[in-house]
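*Asks:* structure for the following, please:
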Amino acid sequence: MENNKPLVSVIMNCYNSDTYLGEAINSVISQTYKNWEIIFWDNQSTDKSAEIVKSYDDERIKYFYAPSFTSLYEARNYAIEKANGEYIAFLDCDDKWYNNKLKEQLKVLENSEYNLCYSNFYNLYENKLKKAFSSLQPSGNIFKYQIANYSIGILTVMLRKSAWDNMKEKFDKNFTYPGDLDFFIRFLHKNQAIYIDEPLAIYRADNPNSISNTKKLENIKQTKEAYFKLEKIFLNNENKVEFIYFKDKVLRSEAGYYFRNKEFLKSREII
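*Replies:* Numbers count the residues shown, from 1 in each chain. Sure, this is the predicted structure:
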């Protein structure tokens with residue numbers, strides 16, 4: 001045990017996610033960096049999720065059963081309240097990490113000016129892996145870049161807990177899909193980030209039960225809400241172009257959704 005090294009709290013939020021849960025937990029246990037804890041927040045699952053996580057005889061895995069069912073991002077906030085680490089990382093129950101993830105991220109965060117590290121990752125679709133980013137993503141003050149070109153996969157994030165504590169608003173509980181985008185853009189307004197181009201995680205893009213795949217129109221509408229929220233807080237002459245790109249992407253996604261579903265009039269109105 002590396003008790004003299006920083007503790008990393010791995011936030012795992014769960015609601016009926018037993019299908020790939022064992023793989024996700026095993027990918028944490030297999031980390032070359034060993035001083036971690038899993039904060040497992042069970043949002044009142046009715047499947048075998050609790051049984052699976054309790055089958056691990058490892059004191060670093062800490063199970064919490066939610067007193068009531070909440071939105072995903074409210075649940076994330078509750079889970080982080082239980083965290084004891086100097087750093088926070090996120091892993092959803094259908095994703096997994098490569099075994100060097102924590103080690104490589106701590107290497108660049110420790111004794112640095114950065115409060116967040118993110119990395120490349122693989123999308124897994126039909127048993128094929130594809131890199132999320134083919135080009136190098138930026139480091140440093142990346143607030144403006146992320147407005148127009150959001151590229152932060154929450155499964156790759158490690159952030160300094162003290163910087164999280166300094167955020168007046170944490171994850172917005174009203175969002176079910178763009179809560180990552182909303183929070184990390186607000187976080188990056190005050191904090192610098194560093195990017196690792198090596199893929200350190202695998203996102204299961206073909207999971208039919210994921211929010212990304214089951215509520216596409218609602219996700220687009222919520223992303224529009226996130227846009228208007230962030231625009232109201234941050235829009236100025238210096239980032240006007242970035243907000244235009246952001247809005248354009250959201251509207252094209254909405255128009256494309258209606259077009260694919262043969263609702264051509266709605267699609268045309270948006271365009």
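*Asks:* so where do the strands sit in the stretch 101-250 of the chain?
*Replies:* All strands of the stretch 101-250 of the chain, identified by DSSP state E, counting those that start in this stretch, fall at 116-119, 122-125, 128-131, 158-160, 193-196, 201-204.
*Asks:* need those strands in a markdown table (columns: mean pLDDT).
*Replies:* Below are these laid out as a markdown table (pLDDT from 0 to 100):
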| stretch | mean pLDDT |
| --- | --- |
| strand 116-119 | 98 |
| strand 122-125 | 95 |
| strand 128-131 | 96 |
| strand 158-160 | 98 |
| strand 193-196 | 98 |
| strand 201-204 | 96 |
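*Asks:* so for Leu106, which of these sits nearest?
*Replies:* strand 158-160 (7.5 Å; CB to CB). C-beta coordinates here come from the backbone N, C-alpha and C atoms, glycine included.
*Asks:* residues in contact with that closest one: which ones?
*Replies:* Under the contact criterion CB atoms under 8 Å, 6 or more residues apart in numbering, strand 158-160 has outside partners 8, 86-89, 102, 105-106, 109, 115-117, 187, 191.
*Asks:* mind listing which of these are in helices?
*Replies:* Residues of these located in helices (DSSP state H): 102, 105-106, 109, 187.
*Asks:* show me which of these is closest to Leu136.
*Replies:* Of all the ones in helices among the contacts of strand 158-160, Leu136 sits closest to Gln105, with 16.9 Å by CB to CB.
*Asks:* ok, now how distant is that closest one from Glu263?
*Replies:* 43 Å (CB to CB, to the nearest Å).
*Asks:* so if I had to pick from the two, which one is more boxed in?
*Replies:* Shown here are Gln105 and Glu263; by other CB atoms under 10 Å, Gln105 has more neighbours (25 against 13).
*Asks:* so, low pLDDT: which residues of the stretch 151-271 of the chain?
*Replies:* Along the stretch 151-271 of the chain, segments meeting pLDDT under 70 span 207-214.
*Asks:* what ranges does it have for its helices?
*Replies:* With DSSP state H, counting those that start in this stretch applied, the stretch 151-271 of the chain shows helices at 161-165, 179-188, 211-214, 216-234, 240-260, 264-270, listed in chain order.
*Asks:* figure out which of those helices is closest to Leu124.
*Replies:* helix 211-214 (12.9 Å).
*Asks:* okay, which residue is most central for the protein?
*Replies:* Nearest residue to the geometric centre of the chain (CA atoms, centre = their mean): Ile154, 2.0 Å.
*Asks:* report the contact partners of that residue.
*Replies:* Taking CB under 8 Å, 6+ apart, we find Ile154 in contact with 90, 92, 180, 184.
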